[in-house]
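[1] Predicted model and sequence follow; I will ask about them next.
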Amino acid sequence: MSMLTISVHLPDGAIREVPTGTTPFDIANDISPRLAASAIVARLTPVSVTAGQASAAEGWSAEAAMYAAEDSAAPRLVDLSTPLTADTRLELLNEKAPEALRVVRHSAAHVMATAVLELFPETKLGHGPATDAGFFYDFYRPTNFTPEDLAAIEAKMKEVVARDEKFARIYEPRERALEEFERDGDFMKTHFVTKFTEPGSEVSFYRNGHFVDFCRGPHVPSTGRVKAFKVLSLAGAYWLGDEKNPQLQRIYGTAFFSQKDLDAHFTHLEEAAKRDHRLLGKQLDLFSIQEIAGAGLIFWHPKGGIVRKVMEDWMRDECVRRGYLLVYTPHVMRRDLWVVSGHDGVYSSNMFPPMKLDDAEYRLKPMNCPGHILIYKNSPKSYRDLPQRYAEFGNVYRYERSGTMHGLLRVRGFTQDDAHIFCTPKQIEDEVIACLDFAEAMLKTFGFNEYRVELSTRDPQKGGDFLGTEADWAHAEGALKNVLTRRGLAFDTFPGEAAFYGPKIDVKLVDVLGRLWQLSTVQFDFNLPARFELEYVGEDGERHQPVMVHRALFGSIERFFGVLIEHYAGAFPLWLAPVQVGLVPISERHHAYAKKVEAELKAAGLRVESDDRNEKMNGKIRDFANQKVPYILVFGDKEEAANSVSVRTRGKGDQGSVPLAEFVGKCKELVASQSTDL
RNA sequence: GGCCCCGUAGCUCAAUUGGAUAGAGCACCUGGUUCGUACCCGGCCGAUGAAGGUCCAAUCCCUUCCGGGGUCACCA
């Protein structure tokens, strides 16, 4: 071994020398486990070794040399399993680095694959990446794994960890590797290497013990570093994400730096599960889905119905205020209409099947656009009439495949707060700005401060069928981008994600379990105005085609309600709460006073429920509290005499006695301001 | 739709894994009680998702369907 020493810059500025053979992980872990998490993003700066020498130097991986040659200043992913044996200065960054957790998880995936191959040697390996919440590995095997197998795999993983096998990176010429894969009949690896590596290159593998897999790394130094993990579940997954490819068996797991983190993760999941809108929907009696009626079809119960009423009132009033025109269109329309719109062709498999009536066929509407278009088309339009903004709470029905339904968030029948804006090309930017303003006001009002904005554009590389001219697209995409920039909204661009009929802006929210759901959307459409030959007469007296913008802010009322439930964990702000005030008369002789209080609150426009059951006061309080009622008013002889109520505020407990008039005044104020405070 | 798992009362869960009359809490109805800030007392009602099959015997095993959960794919 060489006698070189390694100097390491510590986060506090100190320099420490460490023995050769030390890994970045060792150094970081030695200082603090927390720092181990950040070691992966580290500055690896060769002090006196050039790239060429580095690759020849003892113990240097070609990877480290490559990084050194590429850019020695930028933070790099460091292979934690690579011992430092050259004269190297490693600067550890004292910041949280999620990449480090991914390294542990990816290593855990290899440990799992090692276990699987030991238990089921005939298994072929797919890939096994880390994910945001853990890791998975895809396997191909003639027979399926069982839940019992998962327990055995986890037990075997513990053995692999106990053996503390070193992770080592090895290289092999691509063509030789391919030969081996083909000899083994390993279609996945053959396919993968052929597709993702260059001919004549060296491909990288990682080995621990007898286990070897095609892998780019990086990994922790040895299997013993994978300390806290859990095998979770089993699912089918298509090879390379394509339905037409063979199906693999995907085993999910998760791993953390410590058992404590792992436990915290499961505690967090349990807490999140308590906010699940499907559970709360049942507990709070907000909505149901009934087997006899069909999957993906929502029943709004009275408690949910009143929340919906408040949501709709807000939206409708706001639409009118912002210059939208309210319209209503039929739920079923003749098939001919859907042929003209094109839905009967491209979208047919997502629609409910046609039904025969007299001599014509009818179809349930999957979208509201054609209806609004017919209204536009019903009379000639001048440029003076534009923009025309038609808004409707439109009930649409779509055939979603059986595996896709999810509570209120993905359903077969739902209500869009839909609007279509017909305008001139010049009006586009102002209209889109107005839509974004509206969306922002909506999100703020309903208590959402965090969301993601995505711009979906056409990918010219991909080609494909797009309607509209190059100029149309350039103009529309430019307008959307421009507007987002002008509004100062941070957004991600997704080339190739545009609809075939135009680019769009989507607003997405993350639910409690980390799933992403689309809410607001603003979309251009070059398709329908052309298909329906929409026109307006311009200043020049010529006929022009208007631009059409689809826009929905809640997206779907059902989905938005689901997200709202989870966001507030069922504890709605006063203005949205199904029951705003619960009344608890202490005994039967206070029922008359209860009537009086109820009448006064109702006169103030508040939603009140009085509990005159033959139950103990404690029980009544408990029941209202379980229903997450914002205010519970308790009263007996004392309150009745003083014309007051004893207020119990949600989350704050007993607030003592307050004059009734004062309480009513406060509630009115909170409701009017749509406050989230109580 | 594919793969895996699940379906017991209105809700949450039991039933020594094929054994006899399927239990409990909550809810509901009913009676007692009239109470000072989150679980009073007694009684009543009520179920093996559906249809077939295997077996002396099925909540339990098999088949199909319906529905749910997870996941992949899909999501104009």
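    Now that the structure is in, tell me what you want to look at. Residues are numbered from 1 along each chain as shown, chains lettered A, B, ... in the order given.
[2] wait, is A:H372 part of a helix?
    Yes: under DSSP: H, G, I helix; E, B strand; the rest coil, A:H372 falls within a helix.
[3] measure it to RNA strand B for me?
    Computed as C-beta to the nearest atom of the strand, to the nearest Å, the A:H372 to RNA strand B distance reads 14 Å. Placement of C-beta: from N, CA and C, glycine included.
[4] Tell me how many other residues crowd that residue.
    A:H372: 27 surrounding residues under other C-beta atoms under 10 Å.
[5] and if you look at A:Y383?
    16.
[6] Let me see the contact set for the closest residue to it other than its chain neighbours.
    Leaving aside its chain neighbours, A:Y383 sits nearest to A:G538 (5.0 Å; criterion: C-beta to C-beta, 6 or more residues apart in numbering). Residues counted as contacts of A:G538 (C-beta atoms under 8 Å, 6 or more residues apart in numbering) are A:383, A:424, A:544.
[7] Check the gap between the closest residue in space to the second one that isn't next to it in sequence and A:V547 for me.
    So that's A:T424. Setting aside the residues directly before and after it, A:T424 is nearest to A:L386 in space (C-beta to C-beta, 6+ apart), at 5.5 Å. As defined by C-beta to C-beta, to the nearest Å, A:L386 lies at a distance of 9 Å from A:V547.
[8] list the contacts for the residue nearest to A:T424?
    Per C-beta under 8 Å, 6+ apart, neighbours of A:L386: A:422-424, A:427, A:536, A:546.
[9] Show me the one in those residues that has more neighbours than the rest.
    A:F422 (26 neighbours).
[10] which ones are touching that one?
    A:376, A:381, A:386-390, A:529, A:534, A:536, A:546-548.
[11] Could you rerun that using 7 Å?
    The contact partners of A:F422, taken as C-beta atoms under 7 Å, 6 or more residues apart in numbering, are A:376, A:386-388, A:534, A:546, A:548.
[12] can you dump the C-alpha coordinates of the host helix or strand of A:F422 into CSV?
    Assessed by DSSP states H and E, A:F422 sits inside strand A:413-423. C-alpha atoms of strand A:413-423 as CSV (Å, rounded to 0.1, in the frame of the first residue of the first chain):
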residue,chain,number,x,y,z
GLY,A,413,-68.3,10.5,-13.2
PHE,A,414,-67.3,14.0,-12.1
THR,A,415,-68.1,17.6,-12.3
GLN,A,416,-65.6,20.0,-13.9
ASP,A,417,-65.7,23.7,-13.2
ASP,A,418,-65.2,24.0,-16.8
ALA,A,419,-64.9,27.1,-19.0
HIS,A,420,-64.0,27.8,-22.6
ILE,A,421,-62.7,31.1,-23.7
PHE,A,422,-63.1,32.1,-27.4
CYS,A,423,-60.8,35.0,-28.3
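[13] how far out from the middle of the chain is the helix or strand just after that strand?
    The C-terminal neighbour of strand A:413-423 among helices and strands, as given by DSSP H and E, is helix A:428-445. Counting by C-alpha atoms, centre = their mean, to the nearest Å, helix A:428-445 is centred 22 Å from the centre of its parent chain.
[14] Report whether the expected contact of A:I27 with A:H9 is present.
    No: if you go by C-beta atoms under 7 Å, A:I27 and A:H9 don't touch, sitting 10.4 Å apart.
[15] So for the two, which sits in the more crowded spot?
    Legend: neighbour count by other C-beta under 10 Å for A:I27 and A:H9, higher for A:I27 (22 against 17).
[16] Please tell me how far that one sits from RNA strand B.
    A:I27 is 35 Å from RNA strand B, by C-beta to the nearest atom of the strand.
[17] does that residue belong to a helix or a strand, and which?
    Counting by DSSP H and E, A:I27 is part of helix A:24-31.
[18] rewinding a little: residues that sit against both of A:L386 and A:V547, list them.
    Between them, A:L386 and A:V547 share these contacting residues under C-beta under 7 Å, 6+ apart: A:423-424.
[19] Tell me the strands beside the strand holding A:F422, with direction?
    Based on DSSP bridges, the pairing partners of strand A:413-423 within the sheet are strand A:388-397 (antiparallel), strand A:547-552 (antiparallel).
[20] Of the contacts of A:F422, which are in range of RNA strand B?
    Counting by C-beta under 7 Å from any atom of the strand, nothing from the contacts of A:F422 sits close to RNA strand B.
[21] Which ones among the residues you listed map onto helices?
    A:Y376 (DSSP state H).
[22] Could you save the contacts of A:F422 as a markdown table and add columns showing pLDDT and distance to A:M351?
    Listed next are these as a markdown table, based on pLDDT from 0 to 100; distance: C-beta to C-beta, whole Å:
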| residue | pLDDT | distance to A:M351 |
| --- | --- | --- |
| A:Y376 | 97 | 23 |
| A:L386 | 94 | 31 |
| A:P387 | 96 | 29 |
| A:Q388 | 97 | 27 |
| A:L534 | 96 | 23 |
| A:P546 | 95 | 26 |
| A:M548 | 94 | 21 |
